[in-house]
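Student: using only what follows, build the 3D model:
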Amino acid sequence: MTQVLAQARETFPATKDLVYLDAAAVSLISQPTYEAIRAFLDICIEPGSADASRHHMVMDEMRGLAIDEAAALLNADRDQIALVESTTHGLNIAANAIPLERGDQVLIADTEYLQVSIPWKMKEGSMGIEIVPVPTSTNGYLTADHFEEAMTERTRVVCVSSVQWCSGNRIDLKALGDMCRARDVYLVVDAIQHLGACGLDVRETPVDFLMAGGHKWLNAPFGCGILYVSPNCLGELMPDSWGYLALEDPEGGWSEYFRRPDISPYSDWHFKQTAAKFEIAGTSNYPGAIGLGASLGQINQLRLPVIQEHILSLGQQLRSGLEELGARVISPGENNQEVRSGITIFRMYDSPEEDRILLDSLLERGIYLAQRYTSGVGGLRASTHFYNNEEDVDRVLEAIEDLTG
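Tutor: Below you'll find the model as predicted:
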């Protein structure tokens, strides 16, 4: 662990007592994130001498930091970033914005988290579209070729998690994005198990919609996440809901606008042609956005290439140790780092029930893992993040050896 990452670990107080390897479920938040939210709450309880409108504008400026940091994280333009409630919210925005007709096909892998499928599944009955399952290979290995084999002339959308939650498989998004572009197919990406752990540059990786809640690898509180919208979609697609904060700012700003006696609820509104038009665009989750901005700022300061290298190194240490203990490692990528992520899935027993007993015993020792399955793929899940170190992995392996020996 580098000195910089060791210092970052110190900002996560829970790591002093716990071996926390469960960022793929809910991550920890850091002291700077906590303090940023506290600072925001301080101005809520004591707003000072500014009037309420100015107070609200200050809060909007603070919220905007999350958009700036998200744009830096993805190497995107600021206008291409919106803040959403969650990955679920972002997936629904994409599903409702993309124009579909009866008979259109949406490709979804069989190891996906259920929310990836739900918005499209609801349209299957109401609109007559078709969800086409994409079978993965053994242990959840998923490639762009799997989607290419399933594509037909009726394929309209590919909706995929860039990292599969029950295998840890990281798909080659650039290959998949190039394939979709060549076939005029929309690519919608759930990146909640990706962002904050592995790099992703939207200038090099063609995606149409990409979303990620903040509470996993981004180390942010619940209720606020990122939505990226490609330039093509910004120009062509419309949201299914409208809020006044997505309007072009009036002359002098909203504070001055509301003081004018000639304003009316009836007008020819002009909306921003930015990702903000896909937000609900009313009063939003300001504490969540403030926390997200601070946590993204920490990630950007640490730099994702450094984070990714550390995370994959810990994953390899864990994988090697588990294999020595006789575990069956499910996650693909034994000899290919390009498909690996921060998630390592393994089984100590053939029986999920016995693995569950082991998990409960680990939790009693302050070692946080999880157990996850989809379509028969899965097992015990360990998430190695940048605040973890080699000693954390050693403690996990020693505890498993003690409990299974």
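Student: okay, strands next: where are they in the stretch 1-150 of the chain?
Tutor: 19-20, 81-84, 105-109, 130-134 (DSSP state E, counting those that start in this stretch).
Student: apologies, that question was intended for the stretch 201-350 of the chain.
Tutor: 209-213, 225-229, 328-329, 343-347.
Student: how about residues contacting the last one?
Tutor: Residues from elsewhere that reach strand 343-347, judged by Cβ atoms under 8 Å, 6 or more residues apart in numbering: 24, 140, 163, 165-168, 193, 315, 318-319, 322, 327-331, 355, 372, 378-384. All C-beta atoms are positioned from the backbone trio N, CA, C, and that covers glycine.
Student: next step: the residues you listed restricted to helices.
Tutor: Among the contacts of strand 343-347, DSSP state H puts Gly315, Leu318, Arg319, Leu322, Asp355 in helices.
Student: so which of those residues is the closest to Ile118?
Tutor: Taking Cβ to Cβ as the measure, Ile118 lies nearest Asp355 of the ones in helices among the contacts of strand 343-347, at 27.4 Å.
Student: do I have it right that the closest one meets Met348?
Tutor: Yes. Assessed by Cβ atoms under 8 Å, Asp355 is found in contact with Met348 at 5.9 Å.
Student: centre of the chain to the top helix by length along the chain, how far?
Tutor: As assigned by DSSP H, the longest helix anywhere in the chain is helix 52-74. Distance of helix 52-74 from the chain centroid (Cα atoms, centre = their mean, to the nearest Å) equals 20 Å.
Student: for it, buried residues please.
Tutor: Met59, Met62, Arg63, Leu65, Ala66, Ile67, Glu69, Ala70, Ala71, Leu73, Leu74 (16 or more other Cβ atoms under 10 Å).
Student: just stretch 300-309 next, same as before
Tutor: Leu302, Leu304, Ile307, Gln308.
Student: repeat for stretch 72-83
Tutor: Leu73, Leu74, Ala76, Asp79, Gln80, Ile81, Ala82, Leu83.
Student: could you dump the buried residues of helix 52-74 into CSV and include distance to Gly288 and pLDDT?
Tutor: Output for those, formatted as CSV (distance: Cβ to Cβ, whole Å; pLDDT from 0 to 100):
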residue, distance to Gly288, pLDDT
Met59, 12, 84
Met62, 12, 88
Arg63, 9, 93
Leu65, 13, 96
Ala66, 9, 97
Ile67, 13, 98
Glu69, 14, 98
Ala70, 13, 98
Ala71, 18, 98
Leu73, 17, 98
Leu74, 19, 98
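Student: for the closest residue to Glu112 other than its chain neighbours, give me its contacts.
Tutor: Of all residues not flanking Glu112 in the chain, Ser161 sits nearest, at 6.0 Å (Cβ to Cβ, 6 or more residues apart in numbering). Listed by Cβ under 8 Å, 6+ apart, the contact set of Ser161 reads Ala109, Glu112, Tyr113, Val116, Val189, Asp190, Ala191, Ile192, Gln193, His194.
Student: the fifth one contacts Val160, doesn't it?
Tutor: Yes. Using Cβ under 8 Å, Val189 makes contact with Val160 at a distance of 6.2 Å.
Student: Ser264: which of the buried residues of helix 52-74 is nearest?
Tutor: Closest to Ser264, out of all of the buried residues of helix 52-74 and judged by Cβ to Cβ, is Met59, at 26.5 Å.
Student: apart from its chain neighbours, what residue comes closest to that closest one?
Tutor: Met59 sits nearest to Tyr286 (Cβ to Cβ, 6+ apart), 5.4 Å away.
Student: I'd say the one you found and Glu61 touch.
Tutor: No. Using Cβ under 8 Å, Tyr286 makes no contact with Glu61, being 10.9 Å away.
Student: redo the ones in helices among the contacts of strand 343-347 as a markdown table? Include distance to Val229 and pLDDT.
Tutor: Output for the ones in helices among the contacts of strand 343-347, formatted as a markdown table (distance: Cβ to Cβ, whole Å; pLDDT from 0 to 100):
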| residue | distance to Val229 | pLDDT |
| --- | --- | --- |
| Gly315 | 31 | 97 |
| Leu318 | 36 | 98 |
| Arg319 | 36 | 97 |
| Leu322 | 40 | 98 |
| Asp355 | 40 | 98 |
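Student: all helices for the stretch 101-250 of the chain, in order.
Tutor: 114-127, 144-150, 173-182, 231-236 (DSSP state H, counting those that start in this stretch).
Student: for the spatially most central residue of the chain, give me its contacts.
Tutor: With distances taken as Cα atoms, centre = their mean, Ile192 lies nearest the centre of the chain, 1.9 Å away. Ile192 makes contact with Thr87, Ser161, Met211, Ala212, Gly213, Lys216, Trp217, Gly225, according to Cβ under 8 Å, 6+ apart.
Student: now the two most distant members of the buried residues of stretch 72-83.
Tutor: Pairwise over the buried residues of stretch 72-83, using Cβ to Cβ, the maximum falls at Leu73 and Asp79, 15.4 Å.
Student: hang on, isn't Lys277 packed against Phe271?
Tutor: Yes. Between Lys277 and Phe271 there is a contact under Cβ under 8 Å: 5.1 Å.
Student: gap between Leu73 and Asn335?
Tutor: Using Cβ to Cβ, to the nearest Å, Leu73 is found at 29 Å from Asn335.
Student: next one: Thr374
Tutor: Distance from Thr374 to Asn335, by Cβ to Cβ: 25 Å.
Student: more neighbours, those two?
Tutor: The neighbour comparison of Thr374 against Asn335 (other Cβ atoms under 10 Å) goes to Thr374, with 18 against 6.
Student: so what's the nearest residue to the more buried one once chain neighbours are set aside up against?
Tutor: Among residues not flanking Thr374 along the chain, Cys166 sits closest, at 4.5 Å (Cβ to Cβ, 6+ apart). By Cβ under 8 Å, 6+ apart, the residues touching Cys166 are Thr111, Tyr113, Gly140, Ile345, Arg372, Tyr373, Thr374, Val377, Gly378, Arg381.
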